[in-house]
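Student: need a structure here:
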Amino acid sequence: MKTSLLGTMLGLAILAGSGAASASPSAEAKSAYAQAKDRADANYKADKARCAGITGNPHDVCMAEADAARVRTREEASAQYDNTLKAYTRSRMKIADANYDVDKAKCGALTGNDKDVCIKQAKSTLIAAQADAKADKKTIEARTDARDDKRAAEYKVALEKCDAYAGAPKDSCVAAAKSQYGK
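Tutor: Just a heads-up that it's a prediction; the model follows:
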């Protein structure tokens, strides 16, 4: 799980650094997404077959883990395919829900207070994962807004510097500023 979280965070960092995502996914991205979905489904079928020989609560845990692995693979692929902050956040939320289901299944073998504590711990872990996803989204949005504000201010400074010129040199200066700041 830690590696998938690190991968997701790396994707968020790349997304934040690159600004906006491209308008449409490439053919390679579509192919990679389809392959990831197929791989997730194939692994799920294999895990489900492995779980068939197990009974009782271990079976429930095995099935929840198989489902969580499928959700993780599909959601990470979907987030990479969409390549938006909203997609990455949605992916992390769904992965957290799937991990919660695994934790609840593990609690099924317990009784009494131990089970109550286990379920409360699972819920706490879910809430923490969801809060982290929301906080990361807000942090990235704030950094993006700050970067945009800084660029807008730098653009205004560049235009102000162009006011020192007249005629063709001023036009050239303004064009250079627009080009540099993407206006």
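Student: output the contacting helices and strands for the biggest helix by length in the chain.
Tutor: When the chain is parsed with DSSP state H, its longest helix is helix 112-162. Here helix 112-162 touches helix 2-18, helix 85-107, helix 168-181, going by 3 or more C-beta pairs under 8 Å, 6 or more residues apart in numbering; DSSP states H and E. C-beta here means a position set from N, CA and C on the backbone, and glycine is covered the same way.
Student: pull the helix or strand with minimum mean pLDDT from this structure.
Tutor: When each helix and strand of the chain is scored by mean pLDDT, DSSP states H and E, helix 2-18 comes last, with a mean of 47.
Student: check which helices and strands the helix or strand just after that one is in contact with.
Tutor: Counting by DSSP states H and E, the next helix or strand C-terminal to helix 2-18 is helix 27-52. Applying 3+ C-beta pairs under 8 Å, 6+ apart, we find helix 27-52 packed against helix 57-82.
Student: before we move on, the earlier item: what about the longest helix of the chain, average pLDDT?
Tutor: What helix 112-162 shows for mean pLDDT is 95.
Student: now the angle between helix 85-107 and it, please.
Tutor: 170 degrees (axes from the mean of the first three to the mean of the last three C-alpha atoms, to 10 degrees).
Student: and stretch 54-67, which residues are buried?
Tutor: 60-67 (16 or more other C-beta atoms under 10 Å).
Student: hmm, I typed the wrong one, I wanted stretch 113-121.
Tutor: Within stretch 113-121, the residues that qualify as buried are 118-119, counting by 16+ other C-beta under 10 Å.
Student: not counting its neighbours along the chain, what's nearest Asp132?
Tutor: Nearest residue to Asp132 in three dimensions, chain neighbours excluded: Arg92, at 7.7 Å (C-beta to C-beta, 6 or more residues apart in numbering).
Student: ok, the one you found touching Ala129?
Tutor: Yes - with contact defined as C-beta atoms under 8 Å, Arg92 reaches Ala129; the gap is 7.1 Å.
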